[in-house]
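# Here is a sequence with its predicted model. Questions after.
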Amino acid sequence: MKCQYCEKPATFHITELTEPTGPQVMHLCEEHARGFLQKDSMESAASIAGALAKQLNLGQTKQELEELDQKECPVCGITFFEFRNSGRLGCPYDYTHFDSDLTPLLRNVHDATVHVGKRPKRAAATADLQAQMIHLRRDMEEAVEREDYERASEIRDELQRIETEGSVADESETDA
Amino acid sequence: MKRGADFDDLAQSSGEWMRGTGPESDIVISSRIRLARNLADFPFIRRCSDEDRVSIERTVRARMESLDGWENICYIDIEQLSEIDRQFLVERQLISREIAEAEGSRAVAIDPTERYSVMINEEDHLRIQVMNSGLDLRNAWKQINALDDKLEAAILYAFHPKYGYLTACPTNVGTGLRVSVMLHLPALVITRQIEKVFRSMQRINVTVRGLYGEGSQYTGDFYQVSNQITLGHSEEKLLELIGDEVVPRIIEYERKARSFLVDQSQQDLHDDVSRALGILSTAKKISSEETMHYLSKVRMGVNLGLIDDVQVGTINKLFIHTQPAHLQKLHGRLLGSSDRNIERATYLQRHLTGQHGNGELN
């Protein structure tokens, strides 16, 4: 992994707990780590996401970046800008919605972009279906709030159907 | 599943991982594996409303209640706990500082031997943890994998065919697996080799932290070694990296450093560890930091056969039981810092003298 401020290898991995947005992980070379530890704080770019966004910067114009920052997930409403600042995503669908934007970040952190290893035997088949479930659940909560219990119960059945179908689809795949 | 837990009982006992047994237990305190998992039908914690959190907590609790073999699991509502009880669970390594200090609906399910714990509404909806004594990652993986299968049968996880288990922070995505081995490395500290060892590890994507996780100090010469990457390598590969490659190498370095200290001057070392035991067993007031410092020396003395009447398990327990929240639970009331130092000295004396460390804790 490279230092987030220069091209040298990052040999210090510092977790800053006092950031107002929550713990931030820093990956630094020796020189920048010394600078960081001597100074008490270093304004922005403290988060992983910030660091990665920096890497993204290289190939993008200011306008492209501004557009990316405003890109918003249709399911949870998080913007890429918010993600960059907090280092935390808003919902599972972000991995689909920001797919190509996250790739350089994942490559930087993990040196890989594809999962290898355990897979659940039972999982909602597609990202769209998982997003739909989040929407439906919210609708259900709203229905309960306005005391429309009939609608809430319909949505509950719909959610259960998706959950079961997801698992059935996966099981048949396993059998095949 | 039982609701709540008797904290006074818990304070008197000690977790499985503190036994001081298992492979390489002279250097390896514990082997821990955690899995980060999220429910498919909720946003990640950061974007959850208060209602969402309550709903997640209820959903997971209800599903856990339906699991076979979960009759003896204690389910603890962290939101309802006093600050001291929360700190107690942190000291015990059963919950993270993050979840202790968070707000809103959150909980933890703990098995009676304290091998397993499942945190609900931490940074991810679920943080499943298994912790064993000594270097025992293979068994820990078998146990956590089975537990994960069981939960997966009841809970629909957020999963992506390409990215694997989806997590709030992209640094955990993929396997969601963090393998952490807690090492006691006093000789590498004394011989000033520790920095060099860790610098070499950071080149191979391994992280080092203190006793209480991220951002904590390296007190008592304890170091937690864990994998940094979670995507692109299978669980088995990550276990191999830490358990078969990195940790054995550090153990070898620590053993060499210990031999070096013995060869160089066994008498000085013997004197040093004996004085440490002397201070711990006779002091009238002692801070937590000082306690950790001397317990570390005594632990090494015991492992090198220089102190023969104290057991490693006793020392392991004393490290935890002399922490502020534990002391106060054991004493039965809240204590100020200065009173804690007196209580800590009394407690140490009681467990290190007379019965020579085979007293009340064993």
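Nice, I can see it. The model shown is predicted, which means the values in this text are computed figures rather than measured ones.

# Any regions of the stretch 201-350 of chain B where pLDDT drops low?
B:203, B:211-218 (pLDDT under 70).

# Which residues of it lie near chain A?
Within the stretch 201-350 of chain B, the positions adjacent to chain A are B:202-203, B:205, B:207, B:209, B:214-215, B:228-237 by Cβ under 8 Å from any Cβ of the partner chain. Every residue, glycine included, has its C-beta placed from N, CA and C.

# Out of those, which sit inside strands?
B:207, B:209 (DSSP state E).

# Can you say which of the residues of the stretch 201-350 of chain B next to chain A are buried?
The neighbour-count criterion (16 or more other Cβ atoms under 10 Å in any protein chain shown) marks B:202, B:205, B:207, B:209, B:214, B:228-233, B:235 among these as buried.

# Helices - which of those residues land there?
B:202, B:235 (DSSP state H).

# State which one residue of chain B is found closest to chain A.
Scanning chain B for the residue nearest chain A gives B:G232, at 2.3 Å (criterion: Cβ to the nearest Cβ).

# By mean pLDDT, point me to the weakest helix or strand of chain A.
The helix or strand of chain A with the poorest confidence is helix A:48-57; it has a mean of 55 (mean pLDDT, DSSP states H and E).

# Tell me which helix or strand comes right after that helix.
Next along the chain after helix A:48-57, taking DSSP states H and E as the criterion, comes helix A:62-70.

# Please spell out which residues along that following helix are buried.
Under 16+ other Cβ under 10 Å, the buried positions of helix A:62-70 are A:65, A:68-69.

# got a list of what the residue of chain A found nearest chain B touches?
Using Cβ to the nearest Cβ, the closest approach of chain A to chain B is made by A:A112 at 2.3 Å. Applying Cβ atoms under 8 Å, 6 or more residues apart in numbering or on different chains, we find A:A112 in contact with A:106, B:174, B:229, B:231-233.

# Make CSV from the residues you listed and add distance to B:Y157 to it.
As requested, the contacts of A:A112 are exported to CSV (distance: Cβ to Cβ, whole Å):
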residue, distance to B:Y157
A:L106, 19
B:G174, 13
B:I229, 20
B:L231, 16
B:G232, 19
B:H233, 19
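
# right, and out of those, which lies closest to B:I250?
Checking the contacts of A:A112 against B:I250 by Cβ to Cβ gives B:I229 as the nearest, at 18.8 Å.

# I'd like to check which residues are in contact with that closest one.
So B:I229 contacts A:109-112, B:205, B:238 (Cβ under 8 Å, 6+ apart).

# B:R299 now?
Applying Cβ under 8 Å, 6+ apart, the residues near B:R299 are B:184, B:186, B:312, B:315-316.

# where exactly do the strands run in chain B?
Going by DSSP E, chain B shows strands at B:2-3, B:28-37, B:74-77, B:107-110, B:116-120, B:126-133, B:159-160, B:164-165, B:177-184, B:206-209, B:222-227.

# In terms of mean pLDDT, which of those ranks lowest?
Mean pLDDT is lowest for strand B:206-209 among those, at a mean of 80.

# which helices and strands sit right next to that one?
With contacts taken as 3 or more Cβ pairs under 8 Å, 6 or more residues apart in numbering or on different chains; DSSP states H and E, strand B:206-209 sits against helix B:194-202, strand B:222-227.

# which helices and strands sit right next to the longest one?
If contacts are counted by 3+ Cβ pairs under 8 Å, 6+ apart, helix B:194-202 sits against strand B:206-209, strand B:222-227, helix B:247-282.

# Go through these and pick out the most buried.
Ranked by mean neighbour count, the helices and strands packed on helix B:194-202 are led by strand B:222-227 with a mean of 22 (mean count of other Cβ atoms under 10 Å in any protein chain shown).

# Any stretches of chain A with poor pLDDT?
A:14-24, A:30-61, A:123-125, A:166-176.

# re earlier: which residues are in contact with the residue of chain B closest to chain A?
A:110-116, B:174.

# rerun at 10 Å
Taking Cβ atoms under 10 Å, 6 or more residues apart in numbering or on different chains, we find B:G232 in contact with A:106-107, A:110-117, B:164, B:174-175.
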